[in-house]
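1. what shape does this take:
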Amino acid sequence: MLDVNQTVPTQALIGGAWQNADTGRRFDVRDPATGHVIASIADCGEQETRDAIAAADAALADWSAMPAAGRAAILRRWADLMIERADELARTLTRENGKPLAEARGEVMYGASYLHWFSEEATRAYGDVIPAPGADRRILVTRSPVGVCAAITPWNFPNAMLVRKAAAALAAGCTLVAKPAAETPLSALLAARIGIEAGLPGGVFNIVPGTDAAAIGAVLTASETVRKLSFTGSTGVGRKLIAQCAPTVKRVSMELGGNAPFIVFEDADLDAALDGLMASKFRNSGQTCVCANRIFVHDSVKDEFAGRLAERVAALTVGPGDQDGAEIGPLISEAAFAKVERMVSDALAKGGRVLTGGAKHPAGDLFYQPTVIDAVTADMDVMREEIFGPVAPLAGFATEAEAIELANDTEHGLAAYLYTRDLGRAWRVGDALHYGMVGINEGVLSSAAAPFGGVKQSGFGREGSRYGLDDYLEIKYMLMGGLSA
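-> A predicted model of the protein is given here:
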């Protein structure tokens, strides 16, 4: 086993205490760049999840009663400590996830930005006084925390996805039980330790790592105590969790799969479009839910764009995340690698043409060459499914209407991108795209100040922005009568 920084916990966090699974079971975390085991983690299950829910419930009354300014101060301190320890957090993230160290540092700072943002939003959970139909009455509207919440987070952004859920929930006065992905639990556990150091009371934030996601999820969804579930992951798993939450009529937020179109019109600034596409498509080796998945370029500029894109992609540096200058790291698992291989083979069998890449990279077993495939068609897997790999498929279009039709031809609706210098077209196409987020002449969408989320089968609910707090607050109406003299 390789050495892991001794400040990284390897146990569950329940009620403010670090503890092993009752059964003593543990599971290994591996570096995807090398396959080496880097840590052995407590493998929690149903009982530990119940214990965590009970701890969150016991902490709820005091945490929700704390003045918002007090909760805000703790969240700010948590953010500040994360920034101070960004290098440690980033190196831990790179070891378990594989993404380049520069990207990992960016993710840590991104996560901290949500703590800063929601530390301010905590003090802005305003109510209303509404004019009543009679002079002797007043209508009061207040907001209160939903209660105990649960979060299930993915492996591709193991720091930021956890922290932005926790920041909103805790700012609202809720307590939280989180289940991080089994591939990447270390980032969540280290972030939780820093939160405890920042002053989070025991039980407010609980982490239950484990390999049996179905068993842990079943306890969270069946619990009457848990009043809200927030999930980031695949649409298939999201459907199951929504169904499991129905008997307890739980509030749910779902950030599910994407199939993002990236549209380049004939009047676009091609340099800007190439910059935006590289930033969107190849971040985290293409393993993001908002990365460009289907690239549509106007026929009149497609050949030029494709050639210039292939040159840029061929120049990307592939290697372990801690290697100097690495831009593309490994895929997360053998299954992920096999999926990318299968999708590329399908495209080639149906007439696609590789402009660069298209095969395994010699850097290691889970490294895939950054790839550009031209002449893709709607029947290819790379157009129908979320790729989650460093593969950029290109297709042409002739008219604005065709581009919109192609872009909307998917069950998903998370993110979309378009490049044009025509202001009218930007508005028309932006309005016509059936997506929760649209980047217009921008390839990177995410910000703590903006509402992150999708439509259709990419989910519902929003994270970040002032809207992100609403998902963790209940509205109560009180009618005050008998006010006449």
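
2. contact partners of the host helix or strand of Ala59?
-> Ala59 belongs to helix 46-65 when assigned by DSSP states H and E. With contact meaning CB atoms under 8 Å, 6 or more residues apart in numbering, helix 46-65 is reached by 12, 14-16, 19, 21-22, 42, 71, 144-145, 147-150, 170, 173-177, 179, 201-204, 206-208, 210, 215-216, 218-220, 223, 225-226. Bear in mind the C-beta positions are built from the backbone N, C-alpha and C, glycine included.

3. now do 7 Å
-> Applying CB atoms under 7 Å, 6 or more residues apart in numbering, the external contacts of helix 46-65 come out as 12, 14-15, 21-22, 145, 147-148, 173, 175-177, 201-204, 206, 208, 215-216, 219-220, 223, 225-226.

4. among the residues you listed, which are in helices?
-> Using DSSP state H, Ala215, Ile216, Val219, Leu220 are the members of those that sit in helices.

5. before we move on, back to that, list the buried residues of the helix holding Ala59.
-> 48-57, 59-60, 63-64 (16 or more other CB atoms under 10 Å).

6. ditto for stretch 313-323
-> Neighbour-count burial for stretch 313-323 flags Val313, Leu316, Val318, Gly319, Pro320, Gly321, Asp322 (criterion: 16+ other CB under 10 Å).

7. figure out the length between the terminal residues of that stretch.
-> Across stretch 313-323, the terminal residues are separated by 18 Å (CA to CA, to the nearest Å).

8. show me what the helix or strand hosting Asp431 is packed up against.
-> Under the criterion of DSSP H and E, Asp431 resides in helix 423-432. Contact partners of helix 423-432 among helices and strands, from 3 or more CB pairs under 7 Å, 6 or more residues apart in numbering; DSSP states H and E: helix 400-408, strand 437-440.

9. what's the closest of the ones you listed to Arg425?
-> With CB to CB, the closest approach to Arg425 among the helices and strands packed on helix 423-432 belongs to helix 400-408: 6.5 Å.

10. what residues are up against Glu255?
-> Shown in contact with Glu255 (CB under 7 Å, 6+ apart): Thr232, Gly453, Gly454, Gly459, Glu463.

11. make CSV from those residues and add neighbour count to it.
-> As requested, these are exported to CSV (neighbours: other CB atoms under 10 Å):
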residue, neighbour count
Thr232, 25
Gly453, 25
Gly454, 27
Gly459, 27
Glu463, 23
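
12. now, those residues that are in strands?
-> Thr232, Gly459 (DSSP state E).

13. Arg105 and Ala181, how far apart?
-> With the distance defined as CB to CB, to the nearest Å, Arg105 ends up 20 Å from Ala181.

14. which elements pack onto the helix or strand bottoming out on mean pLDDT in the chain?
-> When the helices and strands of the chain are scored by mean pLDDT, DSSP states H and E, strand 128-130 comes last with a mean of 93. Packing contacts for strand 128-130, counted by 3+ CB pairs under 7 Å, 6+ apart, involve strand 138-145.

15. counting contacts, what elements does the strand it packs on pack onto?
-> Looks like strand 138-145 contacts strand 128-130, strand 473-480 (3+ CB pairs under 7 Å, 6+ apart).

16. contacts for the first one, please.
-> The set of residues external to strand 128-130 that reach it, using CB under 7 Å, 6+ apart, is Arg138, Ile139, Leu140, Val141.

17. dump the contacts of Glu255 into CSV; add distance to Pro131 and pLDDT as well.
-> As requested, those are exported to CSV (distance: CB to CB, whole Å; pLDDT from 0 to 100):
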residue, distance to Pro131, pLDDT
Thr232, 41, 97
Gly453, 33, 97
Gly454, 37, 97
Gly459, 37, 96
Glu463, 34, 97
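
18. dump the contacts of Glu255 into JSON lines; add distance to Ala306 as well.
-> Listed next are the contacts of Glu255 as JSON lines, based on distance: CB to CB, whole Å:
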{"residue": "Thr232", "distance to Ala306": "33"}
{"residue": "Gly453", "distance to Ala306": "32"}
{"residue": "Gly454", "distance to Ala306": "28"}
{"residue": "Gly459", "distance to Ala306": "32"}
{"residue": "Glu463", "distance to Ala306": "35"}
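
19. where does the closest residue to Thr248 other than its chain neighbours land on pLDDT?
-> Distances taken as CB to CB, 6 or more residues apart in numbering place Glu224 nearest to Thr248, at 5.7 Å, with adjacent residues excluded. Glu224 is assigned 98 on the pLDDT scale.

20. for the stretch 301-450 of the chain, just list every one of the strands.
-> 353-356, 371-374, 391-397, 415-419, 437-440 (DSSP state E, counting those that start in this stretch).

21. ok, back up a step: closest to Leu355 out of the helices and strands packed on strand 138-145?
-> strand 473-480 (49.6 Å).

22. note down every partner strand of the closest one and its orientation.
-> Strand pairing for strand 473-480, using DSSP bridges, gives strand 138-145 (antiparallel).

23. would you format the ones in helices among the contacts of helix 46-65 as CSV with neighbour count, distance to Ala112 and pLDDT included?
-> Formatted as CSV, these follow (neighbours: other CB atoms under 10 Å; distance: CB to CB, whole Å; pLDDT from 0 to 100):
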residue, neighbour count, distance to Ala112, pLDDT
Ala215, 14, 32, 97
Ile216, 24, 27, 98
Val219, 21, 30, 98
Leu220, 29, 26, 98
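
24. and the end-to-end length of stretch 126-135?
-> Start-to-end, stretch 126-135 (CA to CA) is 24 Å.

25. which ones are touching Lys179?
-> Ile152, Val208, Ala213, Ile216.

26. any of these buried? List them.
-> Here, 16+ other CB under 10 Å leaves Ile152, Val208, Ile216 buried among the contacts of Lys179.

27. wait, isn't the last one in contact with Ile207?
-> No: when contacts are counted by CB atoms under 7 Å, Ile216 is not listed as touching Ile207 (11.3 Å).

28. overlap in contacts of these two?
-> Common neighbours of Ile216 and Ile207 (CB under 7 Å, 6+ apart) do not exist.

29. where does pLDDT dip in the chain?
-> Low-confidence segments of the chain (pLDDT under 70): 1-6, 485.

30. domains in it, by residue range?
-> Under the assignment automatic domain parsing, the domains of the chain span 12-256+458-476, 260-448.

31. gap between the two ends of the shortest one?
-> Between the opening and closing residues of domain 260-448 we find a distance of 20 Å, counting by CA to CA.

32. run the chain-centre distance for it.
-> Computed by CA atoms, centre = their mean, to the nearest Å, the chain-centroid distance of domain 260-448 equals 18 Å.

33. repeat that for the longest one.
-> Domain 12-256+458-476 has its average C-alpha position 12 Å from the chain's average C-alpha position, going by CA atoms, centre = their mean.

34. cool, and stretch 252-270?
-> Offset of stretch 252-270 from its chain centre (CA atoms, centre = their mean): 16 Å.

35. buried residues in that stretch?
-> For stretch 252-270, the buried set under the neighbour-count rule, 16+ other CB under 10 Å, comprises 252-266, 268, 270.

36. in this protein, which residue is closest to the centre?
-> Most central in the chain under CA atoms, centre = their mean is Met161, positioned 4.6 Å from the mean C-alpha point.

37. where does that residue sit, in terms of helix or strand?
-> Judged by DSSP H and E, Met161 forms part of helix 160-172.
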